[in-house]
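**Q** Provided below are the primary sequence and the corresponding predicted coordinates.
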Amino acid sequence: MTQDPRTPYARPQEAGAPREAGRPQDARPHGVGPLDPPAVPLVLTPPEPVAPVRAEQAAGLVPVEDAVREEMVRRGGG
């Protein structure tokens, strides 16, 4: 008697057989459900406006550190 070539290793599943591997049936996939901690609302703040590049700075005539220092003093942070 020959086997069916389409399913050479197939065998019928027994109704009462225990599961071979894997998670239990009641496992929650990917942690979704009421037991997870409540989500923290994400608060986005608008970005701080960028100071316009001065012509001297764009031309490379003013060192970047000096320009940053001047901007900090202008904003009151330095």
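**A** Now that the structure is in, tell me what you want to look at.
**Q** state the pLDDT value of residue 62.
**A** Note on residue 62: pLDDT of 67.
**Q** so where's the chain uncertain?
**A** Applying pLDDT under 70 to the predicted model, the residue ranges of the chain that meet it are 1-38, 49, 62, 77-78.
**Q** neighbours of residue 72, how many?
**A** Number of residues near residue 72 (other CB atoms under 10 Å) recorded here: 11. C-beta here means a position set from N, CA and C on the backbone, and glycine is covered the same way.
**Q** next one: residue 54
**A** Residue 54 is surrounded by 13 other residues when neighbours are defined as other CB under 10 Å.
**Q** try residue 63
**A** By other CB under 10 Å, the residues close to residue 63 number 10.
**Q** got it, and the one 3 residues further on?
**A** Residues near residue 66, counting by other CB under 10 Å, number 10.
**Q** give me the secondary structure label for it.
**A** Local secondary structure at residue 66 is given as helix here, using DSSP: H, G, I helix; E, B strand; the rest coil.
**Q** residues contacting it?
**A** Contacts here follow CB atoms under 8 Å, 6 or more residues apart in numbering; on that basis residue 66 touches nothing.
**Q** how close does it sit to residue 43?
**A** Using CB to CB, to the nearest Å, one obtains 35 Å as the distance from residue 66 to residue 43.
**Q** kindly report the same for residue 65.
**A** Residue 65 is 33 Å from residue 43, where distance means CB to CB.
**Q** when those two are compared, which one has more neighbours?
**A** A direct count of neighbours by other CB under 10 Å for residue 65 and residue 43 places residue 65 higher, at 8 against 5.
**Q** which residues are in contact with the more buried one?
**A** For residue 65, no residue meets the contact criterion (CB under 8 Å, 6+ apart).
**Q** check residue 67 too.
**A** Counting by CB under 8 Å, 6+ apart, residue 67 touches 54, 57.
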